[in-house]
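> I need the structure of the sequence given here:
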Amino acid sequence: MFNSANKFTPKSLQNKSRIKIKSFEVKREDPEKLYAHKWPILHKCILAVFAEQKADYNHEVLYRHVGDLCRKHMEERLYSDVRSVLVQHIANLRQMLDSDQKDTFKFLRTFVSLWLKFENHITIIRNIFLVLDRNYVLHLNGPIKSIWDMALDLFRTNIVQVHHIRSKLTDILLELINAERNGNEIDTMQLTTCLSMLSHLQVYDTVFQTPLIQRTNQYYTENSTIQFQDIEQHSTTNSSADAQHTTIEPYIQWVLSQIAHEEYRATHYYKPATRLPLINTVYQQLVANYSQQLLDFGFESLLNQNKVEHLKNLHNLLKYVHHLDALKSKFYQYIVKYGTMIVKDQQRDENMVQDLLDFKKNISHVHEMCFQNSPLFNHTIKDAFIEFINSRPKKPAEMVAKFLDRRLQKGNKHSEQELEEIMDNAMIIFKYIRETDVFEAFYKKDLAKRLLLDRSASSDVEKAMLSKLKAECGGEFTRKLEGMFKDMEANKTLMSDFLKREDYTSAVSEFDAPALHVHVITTGNWPAYQSCSLNLPPEIAQSQKMYQSYYLSKFSGRKLTWQNHLGRCTLLARFPQCGEKTLDVSLFQASVLVLFNDETKLTYTQIKDALQLEEPELKRTLLSLACARVQPLRKKPSKTKEILPDDEFHFNNRFQNPKMKIRINTIQMRETKKEQEETTEKILVERHYVIDAAIVRIMKARKQLQHQQLLAEVVKTLKFPASFQDIKKRVESLLEREYLMRGEDLSTLVYCS
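Residues are numbered from 1 along each chain as shown. Purely as a prediction, here's the structure:
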C-alpha cells in the first residue's frame with residue numbers, strides 16, 4: 001500500500017529528459033512556381049475537353065491540382081485564366097457560326113450542336129474546378145459568378161446576344177413554327193433544344209417569346225382574313241332570303257384546329273409562361289376580331305339547322321374572349337324574330353300554342369346543350385319570349401285558354417300524367433303573357449262550358465290547373481274560378497234535396513216528367529250570359545217551374561234566370577230502320593225534335609212560331625239537325641245548306657247509325673267570332689274599372705300628385721299593358737265624376753275625399 005501523502009512517480013519519469021513529438025519538416029514551395037507548374041496542366045486539360053480528346057491526367061488528379069492552387073490562395077488568378085480560356089473558346093465557336101450564316105438550317109444544326117457540346121464541356125470543367133467554386137466564388141458572395149454561370153454568361157453575351165446571330169436565330173425559330181402551322185414537318189428536336197438553351201441562358205423572352213407573339217399576331221391576321229373571305233363572298237352573292245343559310249362551320253372548325261395545334265406547341269415546345277399570351281393572341285385574331293361577323297353571317301343558320309355542336313363551339317369561343325353579350329343580343333333577336341312569325345301568322349292561330357311550345361323546346365335545348373344553362377341566357381330567353389308573345393295584343397292569351405280547353409275536354413285520350421304535362425307546358429307560355437285578364441276571361445268562359453255541359457275530362461285535373469294559376473298569379477286571380485267549383489259542389493246538395501221532394505217524384509211517376517238536373521251559378525263568378533227566350537216543351541217547362549219554386553222557397557230574395565242555350569237533353573228516339581237510339585242534344589235541338597212526335601212534316605215558319613226562338617239560333621239548330629253529318633231530320637229542298645223561310649223539315653225515316661248513343665253537336669258558324677268580340681269587349685270594360693280603381697287607390701294614399709307621376713305609377717301597378725292615352729281617358733272620367741280635381745297648378749291632381 002502507498003501512503004496517500006506520498007506522491008507516486010514512475011521511475012521512468014523521474015529523469016529530467018523528455019520525449020518530444022515533432023512534425024515533419026515541410027518544404028515550402030513557391031506559389032508562383034506551383035502555379036507555373038500546375039496551370040499548364042489544367043489549361044491543357046481544358047483544351048482537351050473542348051477538343052473532346054483524352055487528357056493526360058484523370059479528373060481526380062486535376063481536381064487535386066485545383067485544390068493545391070486554392071490552398072496557395074491562387075483562386076483569383078486561376079479564375080481569371082479559366083475565364084480567358086472560355087472567352088477564347090467562345091470566340092472560336094462564334095467564327096464557326098459566322099461561317100454558316102448563308103445556309104439557314106445548317107446554321108441551326110451547327111448552333112444546336114455547338115450548344116450541346118458546350119453545355120457538356122462546361123459540365124466537365126465545372127466538376128474539375130469545383131473546389132474553386134466552393135473556396136472562391138461562394139465565399140465572396142458577390143459579383144463573381146460560378147464557373148457554370150460565367151460560361152453561360154459568356155456564351156449569351158458573345159454569341160446569342162450578338163445582333164446578327166440573335167436575329168438569325170429568331171428568324172429561323174419562327175420560320176420553323178410557321179412551317180409547322182402550314183402543315184409541314186419540322187425537326188422538333190432541334191427546335192426544343194434551341195428553346196431549352198434560350199431558357200438556360202435567360203434570354204427566352206427577348207429572343208423568342210416576344211417575337212413569337214408578334215409573328216403569331218401577324219400570321220393569324222393574314223390567314224383569318226383569307227379564311228373569312230369565303231364567308232363574306234357567300235353572303236354577298238346570296239340573296240337576302242338565302243343569307244340566313246350562310247355557313248360559318250368551316251371557319252369554326254379551322255379556328256378550333258389552329259387553337260388545338262397552338263395548345264400542343266405551347267405544351268410540348270415552349271415554356272409554360274408562353275401559353276397564355278400566345279393563346280390570347282390567337283383568340284384575339286381569330287375570334288374577337290370576327291365575333292360580330294360570325295354572329296351576323298352564320299349564327300341564325302346554325303340555329304335553324306340545329307347544329308348543336310357548332311353552336312356549342314361558337315359559344316365557347318366567344319366566352320373566352322368575353323363577347324357573350326354580343327351572342328346574347330343575337331340570340332335575343334333570333335327568338336323575337338321567329339317567335340313573332342309564329343304569333344302574328346293568323347293562319348297558324350289554331351296551332352299557335354303548340355308551335356310556341358315546340359319553339360321553346362328547341363330554344364331550351366340550345367340553351368342547355370350549347371350555352372351551359374347560363375343564367376345570362378335564362379334572362380335573355382325570358383325577355384325575348386315576353387317581347388314577341390305580347391307583340392300581338394290579346395290573341396296569345398286567348399289561344400292558351402283555347403289550348404287548355406281542347407285538352408281538358410272529354411274525349412281526349414290522355415292519362416292524368418299526360419294532362420299534368422300538358423298543363424305544365426301551357427303554364428310555360430302563360431308565364432310570358434302580360435294580358436292575364438284576357439286569358440282569365442276566355443279560360444273562365446271555356447271552363448264554364450266544360451262544367452255546365454259535363455265536358456270536363458276530370459274534376460281533379462281542373463282543380464290542379466287552378467292551383468297552378470293560383471301559384472303563378474295569386475289568389476285574387478283565381479277567386480272567381482274557384483267560386484265556379486264551389487257552385488258546382490253546392491248544386492250537388494241542392495239537386496239531391498230536390499230529387500227527394502214528393503211533388504217531383506210524383507210528377508215523374510204520374511206524368512212521365514223528364515229527369516231534371518239544374519246548375520245554379522252565381523252571376524259574379526261565371527261569365528255573363530244573355531238569356532234567350534224559348535217555348536219549352538210542356539214536360540220540361542213543368543219540371544223547370546217545380547225546381548224554381550223549390551229554389552226560391554229555399555233562398556228568398558234571389559232571382560233565377562234560365563240560360564236555355566246552355567241546356568243539354570238526352571232523348572230516346574225510335575227510327576224505323578235502326579230502332580231505338582239515344583240522342584245527346586242541346587235544349588234547342590230537343591225542343592225542335594219533340595215537335596215531330598205529333599207531326600212528320602213541319603215548315604220553317606211552323607217551327608219558328610211554336611218555339612219563339614230567335615231566328616239565328618233557330619237556323620243554326622235546324623242546320624245541325626238536317627244538314628250535318630247526323631241527320632234525324634230531312635230538309636226540302638235539300639240542294640243548299642242554307643235555311644230559308646219556305647223550307648220544309650221531315651222526320652228522317654231512313655235514318656241509320658250503328659251507335660246506340662249519338663251526340664249531335666250544334667253548328668257554331670260565325671257566332672264564335674261574335675262571342676270572341678263580345679269577350680274582348682267585356683275585357684276592355686273590366687280594364688276600365690281596374691284602371692279607375694288603381695288611380696283612386698294611388699290618389700287616396702298620396703292626396704295630390706303631378707299628372708305625369710300619376711300615369712307612371714298607374715302603369716307600374718297594372719298587371720296588363722295600358723297606354724298613357726288609355727289612362728288619361730280614365731283620369732278625365734274620374735275628374736268628371738268628381739273623384740279627382742285639378743289643383744292650382746293645372747298639372748297637379750288632387751284627391752276628393
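
> Leu494 is in contact with Ser553, isn't it?
No: with contact defined as CB atoms under 8 Å, Leu494 does not reach Ser553; the gap is 12.0 Å. To be clear about C-beta, it is placed using only N, CA and C from the backbone, and glycine gets the same treatment.

> Looking at those two, which is more packed in?
Leu494 (18 against 8; other CB atoms under 10 Å).

> Which residues are in contact with that one?
Counting by CB atoms under 8 Å, 6 or more residues apart in numbering, Leu494 makes contact with Val518, Val520, Tyr551, Lys554.

> next one: Leu318
Val287, Ser291, Leu294, Leu324, Ala326, Leu327.

> Now the buried members of the contacts of Leu494.
Burial by neighbour count, judged by 16 or more other CB atoms under 10 Å, picks out Val518 from the contacts of Leu494.

> Which positions within the longest helix belonging to the chain qualify as buried?
Scanning the chain for the longest helix, with DSSP state H as the assignment, gives helix 671-702. Within helix 671-702, the residues that qualify as buried are 676, 679-680, 683, 687, 690-692, 694-696, 698-699, counting by 16+ other CB under 10 Å.

> what's the answer for stretch 439-457, then?
439-448, 450-452, 456-457.

> What of stretch 528-545?
In stretch 528-545, counting by 16+ other CB under 10 Å, buried: Cys532, Leu534, Leu536, Pro537, Ile540, Ser543, Gln544.

> and the residue nearest to Pro721 when sequence neighbours are not counted, which of the three is it?
In space, and not counting its chain neighbours, Pro721 is closest to Arg434: 5.3 Å by CB to CB, 6 or more residues apart in numbering. Here Arg434 is recorded as coil under DSSP: H, G, I helix; E, B strand; the rest coil.

> what's the neighbour count on Arg434?
Residues near Arg434, counting by other CB under 10 Å: 16.

> Could you check the pLDDT of it?
The model reports Arg434 with a pLDDT of 88.

> same check, this time on Leu276
With respect to pLDDT, Leu276 has a value of 96.

> any idea how far it is from Leu174?
Distance of Leu276 to Leu174, computed by CB to CB, to the nearest Å: 19 Å.

> And the helices in the stretch 501-650 of the chain, which stretches?
Residue ranges of the helices in the stretch 501-650 of the chain, as given by DSSP state H, counting those that start in this stretch, are 502-511, 538-554, 587-594, 604-611, 615-626.

> what's the least confident stretch among those?
Of all the helices of the stretch 501-650 of the chain, helix 502-511 has the smallest average pLDDT, which comes to a mean of 70.

> Can you pull the phi and psi angles for Phe107?
phi -60, psi -40 (degrees, to the nearest 10).

> So what's the residue count around the closest residue to Asp133 other than its chain neighbours?
Among residues not flanking Asp133 along the chain, Ser146 sits closest, at 4.9 Å (CB to CB, 6+ apart). When neighbours are counted by other CB under 10 Å, Ser146 registers 18.

> coming back round to it: out of Leu276 and Leu174, which sits in the busier spot?
More crowded of Leu276 and Leu174, by other CB under 10 Å: Leu174, with 18 against 10.

> Wait, the more buried one touches Pro211, no?
Yes: here Leu174 reaches Pro211: they are 6.1 Å apart, a contact under CB under 8 Å.

> which residues of the stretch 251-400 of the chain score low on pLDDT?
Counting by pLDDT under 70, the stretch 251-400 of the chain shows no low-confidence range.

> now swap in the chain and tell me
For the chain, the stretches with pLDDT under 70 are 1-20, 22-29, 100-101, 141-142, 232-246, 507-513, 668-678, 753.

> Export the helices of the stretch 501-650 of the chain to JSON lines and append columns for distance to Gly183.
Converted to JSON lines, these look like this (distance: least, CB to CB, whole Å):
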{"stretch": "helix 502-511", "distance to Gly183": "97"}
{"stretch": "helix 538-554", "distance to Gly183": "92"}
{"stretch": "helix 587-594", "distance to Gly183": "82"}
{"stretch": "helix 604-611", "distance to Gly183": "89"}
{"stretch": "helix 615-626", "distance to Gly183": "78"}
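
> Quickly list what Leu633 is bridged to.
On the basis of DSSP bridges, Leu633 is bridged to Phe651.

> circling back: who does the longest helix of the chain touch, helix- and strand-wise?
helix 436-452, helix 707-717, helix 724-736, strand 748-751 (3 or more CB pairs under 8 Å, 6 or more residues apart in numbering; DSSP states H and E).

> Can I get the last one in CSV? Just the C-alpha atoms.
In other words, strand 748-751. C-alpha atoms of strand 748-751 as CSV (Å, rounded to 0.1, in the frame of the first residue of the first chain):
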residue,chain,number,x,y,z
THR,A,748,-101.4,68.7,-60.4
LEU,A,749,-104.3,66.3,-59.5
VAL,A,750,-106.0,66.3,-56.0
TYR,A,751,-108.0,63.5,-54.5
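
> For that strand, which residues meet the burial criterion?
Leu749, Tyr751.

> helices or strands next to it in the packing?
Using 3+ CB pairs under 8 Å, 6+ apart: strand 748-751 touches helix 671-702, strand 704-706, helix 707-717, strand 740-742.

> quick one: contacts of the third one?
What it means is helix 707-717. Residues contacting helix 707-717 (CB under 8 Å, 6+ apart): 691, 694-695, 697-699, 705, 722, 724, 727-728, 731, 747-749.

> before we move on, back to that, can you lay out the helices and strands packed on helix 671-702 as TSV showing distance to Asn597?
Below are the helices and strands packed on helix 671-702 laid out as TSV (distance: least, CB to CB, whole Å):
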stretch	distance to Asn597
helix 436-452	27
helix 707-717	60
helix 724-736	56
strand 748-751	66
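
> Tell me which of these lies nearest to Asp153.
helix 707-717 (75.0 Å; CB to CB).

> Just the CA atoms of the closest one, as CSV, please.
Taking C-alpha atoms only, helix 707-717 is exported to CSV below (Å, rounded to 0.1, in the frame of the first residue of the first chain):
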residue,chain,number,x,y,z
HIS,A,707,-100.2,64.3,-63.7
GLN,A,708,-97.1,62.5,-65.2
GLN,A,709,-96.2,60.9,-61.9
LEU,A,710,-99.7,59.5,-61.6
LEU,A,711,-99.5,58.0,-65.1
ALA,A,712,-96.2,56.4,-64.3
GLU,A,713,-97.4,54.9,-61.0
VAL,A,714,-100.5,53.5,-62.6
VAL,A,715,-98.6,51.8,-65.3
LYS,A,716,-96.4,50.1,-62.6
THR,A,717,-99.5,49.0,-60.7
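
> can you give me the offset of that helix from its chain's centre?
Remark: helix 707-717 is offset 34 Å from the chain centroid, using CA atoms, centre = their mean, to the nearest Å.

> now swap in stretch 183-201 and tell me
Using CA atoms, centre = their mean, the offset of stretch 183-201 from its chain centre is 45 Å.

> In that stretch, which residues are buried?
Gln190, Leu191, Thr193, Cys194, Leu195, Ser196, Met197, Leu198, Leu201.

> Among the residues you listed, which one lies nearest to Val207?
Nearest member of the buried residues of stretch 183-201 to Val207, counting by CB to CB, is Leu198, at 5.3 Å.

> Could you confirm the closest one falls within a helix?
Yes: per three-state DSSP, Leu198 lies within a helix segment.

> Can you say which helix or strand has the residue positioned nearest the centre of the chain in it?
The centroid of the chain falls nearest to His367 when counting by CA atoms, centre = their mean (3.0 Å). Per DSSP states H and E, His367 falls inside helix 352-369.

> Find me whatever residue is spatially closest to Arg215, sequence neighbours aside.
Leu174 (4.8 Å).

> Mind giving me the packing neighbours of the helix or strand encompassing the one you found?
Using DSSP H and E, Leu174 sits within helix 163-181. Contact partners of helix 163-181 among helices and strands, from 3+ CB pairs under 8 Å, 6+ apart: helix 104-128, helix 188-200, helix 210-237, helix 249-268.
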